[in-house]
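Novice: The following block contains a protein sequence and its predicted model.
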Amino acid sequence: MSLEHTTPHRRPSDVSTAATVLVIDDEIRSLEALRRVLNDEFEVLCAKDAQEAEEFLEGDMVHVILCDQRMPGQSGVEFLKRVRDLWPDPVRMIISGYSDSEEIIAGVNEAGIYQYITKPWHPEKLVETVQGAVQLFRLQKETETASVDVKLAPNRVKQVISEKRGAARQLYDFDRIVHAPSSPMHGVIDLARRASDYDISVMITGESGTGKELLARAIHYHSARANKVFVVENCGALPDELLESELFGCKKGAFTGAYQDRIGLFEVANGGTIFLDEIGETSPAFQVKLLRVLQESEIRPLGAQRVRKVDVRIVAATNRDLGAEVEAGRFRRDLYYRLAAFPIHMPALRDRPMDIPLIAERILTEVKTAFNRDIVGFSTKILDDMKQYSWPGNVREMQNEIQRMVVLADSNRLEFLSLSGRVRQPPDPFNAALKMNGTSTLKDKVEALEKAVIAESLERYNGNISKVAGSLGLSRVGLRSKLARYELRKDIDGYEENPEE
């Protein structure tokens with residue numbers, strides 16, 4: 001398979017649309033694995049060495065660089081230091097199977113590394129990290145433009161900022177969190193609304209992909225801090241040294257590789273909200289330092305002589321059972337009670353099946369727009385199968401499934417067979433017929449079975465009369481008679497009789 005970069009047909013995310021990622025790795029198999037994972041979301045350029053990578057940088061607009069640390073000739077950090085001097089715009093990331101702290105810190109400071117990704121990496125986490133890097137690239141560009149605008153038209157810039165904040169409030173409104181009236185999410189949203197009115201720490205628990213960050217943003221944008229900054233840090237993505245520097249900041253010369261002052265996210269978020277995702281992944285040593293920040297409302301950047309007061313609201317999230325982690329001695333009890341002053345649990349998608357059709361329709365609307373496809377919608381059978389599936393990956397998995405279905409659709413209808421095998425529920429018309437009430441005659445059960453078989457065939461062949469009749473050994477006239485008899489045209493959503501060929 002060629003490693004030349006390819007351009008996907010359409011992409012669903014505004015974050016990744018038109019974003020170009022340059023991947024550099026001298027191991028072809030690793031390079032191919034990275035390309036395969038990222039290619040669904042980004043335009044991927046693949047380079048086997050620094051020279052080939054520089055050729056891409058000279059001719060292409062690159063948003064993110066993902067470079068292996070151990071390469072022949074020079075390290076990834078050395079290469080990215082050169083990139084920082086010559087092409088400072090792309091967001092730079094290192095991927096490595098080694099965890100030398102000094103090497104990592106040097107990379108962050110000397111080469112301006114945004115993220116250090118350790119092997120083995122998880123595909124979904126890698127995609128999320130690159131999406132975050134793309135967002136950072138675009139934010140930097142917006143900031144550069146805003147800096148010029150501030151000098152030229154400060155009043156206009158204030159207006160734009162105000163408009164963007166208003167748009168953010170609408171985008172992360174609680175009412176936009178899709179749920180049915182009978183959904184357990186109704187209680188979750190009610191709790192979150194109440195929490196947003198008070199300056200209290202919130203702990204959001206739940207499986208990955210349930211929308212914990214979305215809820216955290218809604219809490220922020222409905223709080224008194226809505227006009228201030230909302231920042232996010234994934235606590236499971238960095239070792240302690242880097243996490244401390246990232247959150248609390250550092251002074252130039254504080255440690256090996258600290259070549260410049262660094263402002264921590266707590267200072268950036270002063271007056272606003274900081275979202276600490278995967279807080280359960282932090283070490284006991286780091287938990288002690290975080291506890292002091294919460295107790296004293298102050299930080300001390302690494303190498304600094306004085307502490308700095310900060311006014312930050314914390315919303316934390318975890319997919320772990322922190323209560324059990326506390327009892328096992330892996331998470332500090334005092335920190336747990338500080339963070340979990342107001343706990344909120346996000347239910348898994350399998351625990352809210354009444355929400356699945358609504359969420360699926362919302363996702364389909366977004367995907368249709370992003371992919372420029374005119375899709376009618378889901379049939380009853382597809383929605384029934386989606387409701388019966390357990391969705392271990394929650395909403396994120398559903399989004400991927402719907403994107404796949406839209407890509408596979410040959411017409412403006414989503415076909416039953418385009419559902420993944422793990423989601424598609426095999427029809428069982430025989431058992432359905434047997435479950436009829438006790439007064440049903442043998443004729444009733446046979447007719448119920450015949451109706452179920454015809455309905456399944458209609459779904460399978462997307463309403464094509466000729467194909468359905470052929471698969472069942474019926475003439476088209478005979479099939480039409482049975483369709484009228486069983487009123488299947490009323491039961492099968494969205495189907496119209498196809499013209500005969």
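Specialist: Right, received. Where do you want to start? This one's a predicted model, so the numbers in the text were calculated from it and none came from an experiment. Numbers count the residues shown, from 1 in each chain.

Novice: Could you use CA atoms for every contact and neighbour count after this?
Specialist: OK.

Novice: what about residue 180, neighbour count?
Specialist: 17 (other CA atoms under 10 Å).

Novice: try residue 347
Specialist: Residue 347: 18 neighbours (other CA under 10 Å).

Novice: Do you know the pLDDT at it?
Specialist: Residue 347 carries a pLDDT value of 96.

Novice: Quick check: which element contains it?
Specialist: Using DSSP states H and E, residue 347 maps to neither a helix nor a strand.

Novice: nearest residue to it other than its sequence neighbours?
Specialist: residue 206 (6.4 Å; CA to CA, 6 or more residues apart in numbering).

Novice: ok but residue 266 is inside a helix, no?
Specialist: Yes: assignment of residue 266 by DSSP: H, G, I helix; E, B strand; the rest coil places it within a helix.

Novice: Can you tell me the closest non-neighbouring residue to it?
Specialist: residue 247 (5.7 Å).

Novice: Tell me how many other residues crowd residue 266.
Specialist: 25.

Novice: per-domain residue ranges of the chain.
Specialist: Domain segmentation of the chain under automatic domain parsing yields 20-133, 159-347, 351-491.

Novice: Out of these, flag the one nearest residue 141.
Specialist: For residue 141, the closest of those is domain 20-133, at 8.6 Å, according to CA to CA.

Novice: Quick one: distance of that closest one to the chain centre.
Specialist: In terms of CA atoms, centre = their mean, to the nearest Å, the centre of domain 20-133 is found 21 Å from the chain centre.

Novice: mind showing which ranges of the stretch 251-400 of the chain have poor pLDDT?
Specialist: The model of the stretch 251-400 of the chain has pLDDT under 70 over residues 252-261.

Novice: Repeat the analysis, applying 50 as the threshold.
Specialist: Within the stretch 251-400 of the chain, no range satisfies pLDDT under 50.

Novice: one step back: please give the element, helix or strand, for the residue nearest to residue 266.
Specialist: helix 240-248.

Novice: So which residues make contact with that helix?
Specialist: 101, 105, 235, 262-267, 282-283, 286, 299-302 (CA atoms under 8 Å, 6 or more residues apart in numbering).

Novice: for stretch 125-142, same thing?
Specialist: Identification of contacts with stretch 125-142 by CA under 8 Å, 6+ apart yields 15, 16, 19, 37, 38, 41, 63, 64, 89, 90, 91, 114.

Novice: Greatest separation within these: which pair is it?
Specialist: Top of the distance list for the contacts of stretch 125-142 (CA to CA): 37 and 89, 23.7 Å.

Novice: List phi and psi for residue 180.
Specialist: phi -80, psi 160 (degrees, to the nearest 10).

Novice: for the stretch 101-250 of the chain, what spans make up the strands?
Specialist: Taking DSSP state E, counting those that start in this stretch as the test, the strands found in the stretch 101-250 of the chain are 113-118, 202-205, 230-234, 249-250.

Novice: Mind checking these for the one nearest to residue 173?
Specialist: strand 230-234 (14.8 Å).

Novice: ok so, going back, the contacts of helix 240-248: which two are farthest apart?
Specialist: Once CA to CA is applied, the contacts of helix 240-248 give 101 and 267 as the farthest pair, at 24.0 Å.

Novice: of the two, who's got more company?
Specialist: Ranked by neighbour count (other CA under 10 Å), residue 101 and residue 267 place residue 267 first, with 20 against 14.

Novice: OK, contacts around the more buried one?
Specialist: 248, 310.

Novice: separation between it and residue 133?
Specialist: Per CA to CA, to the nearest Å, residue 267 is found 21 Å from residue 133.

Novice: now do residue 361
Specialist: 29 Å.

Novice: Where does the prediction get shaky in the stretch 1-150 of the chain?
Specialist: 1-17.

Novice: which residue ranges form the helices in it?
Specialist: 28-38, 50-59, 76-86, 101-110, 123-152 (DSSP state H, counting those that start in this stretch).

Novice: what helices or strands is the first one leaning on?
Specialist: Going back to what we said before, that points to helix 28-38. strand 20-24, strand 43-47, helix 123-152 (3 or more CA pairs under 8 Å, 6 or more residues apart in numbering; DSSP states H and E).

Novice: In ChimeraX, how would I select the buried members of the contacts of helix 240-248?
Specialist: Remark: buried members of the contacts of helix 240-248, expressed as a ChimeraX selection using 16 or more other CA atoms under 10 Å:
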select :105,235,262,263,264,265,266,267,282,283,299,300,301,302
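
Novice: quick check, nearest of the contacts of helix 240-248 to residue 200?
Specialist: Using CA to CA, those come closest to residue 200 at residue 266, 16.3 Å.

Novice: That closest one: what's it in contact with?
Specialist: 247, 248, 274, 299, 310, 312 are the contacts of residue 266 under CA under 8 Å, 6+ apart.

Novice: how about TSV for the strands of the stretch 101-250 of the chain, with mean neighbour count and distance to residue 180 added?
Specialist: Conversion of these to TSV gives the following (neighbours: other CA atoms under 10 Å; distance: least, CA to CA, whole Å):
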stretch	mean neighbour count	distance to residue 180
strand 113-118	21	39
strand 202-205	24	21
strand 230-234	18	28
strand 249-250	23	43
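
Novice: Adding distance to residue 193, write those strands out as CSV.
Specialist: CSV is the format used below for these (distance: least, CA to CA, whole Å):
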stretch, distance to residue 193
strand 113-118, 33
strand 202-205, 12
strand 230-234, 17
strand 249-250, 32
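
Novice: Quick one: closest of the ones you listed to residue 377.
Specialist: strand 202-205 (32.5 Å).

Novice: For the closest one, what is the distance to the chain centroid?
Specialist: Offset of strand 202-205 from its chain centre (CA atoms, centre = their mean): 18 Å.

Novice: That one pairs with which strands?
Specialist: According to DSSP bridges, strand 202-205 forms sheet pairs with strand 313-318 (parallel), strand 342-345 (parallel).

Novice: send the alpha carbons of that strand over as PDB?
Specialist: The C-alpha coordinates for strand 202-205 follow below in PDB (Å, rounded to 0.1, in the frame of the first residue of the first chain):
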ATOM      1  CA  VAL A 202     -18.100  19.400  40.300                       C
ATOM      2  CA  MET A 203     -17.100  15.800  39.700                       C
ATOM      3  CA  ILE A 204     -18.500  14.200  36.600                       C
ATOM      4  CA  THR A 205     -18.300  10.400  36.400                       C
END
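
Novice: follow-up on the earlier one: may I see the domains of the chain arranged in TSV, with distance to residue 140 as well?
Specialist: Shown next, in TSV, are the domains of the chain (distance: least, CA to CA, whole Å):
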stretch	distance to residue 140
domain 20-133	8
domain 159-347	15
domain 351-491	24
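
Novice: contacting residues around residue 397?
Specialist: Neighbouring residues of residue 397 by CA under 8 Å, 6+ apart: 209, 391.

Novice: Residue 442 too?
Specialist: So residue 442 contacts nothing (CA under 8 Å, 6+ apart).

Novice: Which pLDDT value goes with it?
Specialist: On the pLDDT scale, residue 442 gets 79.
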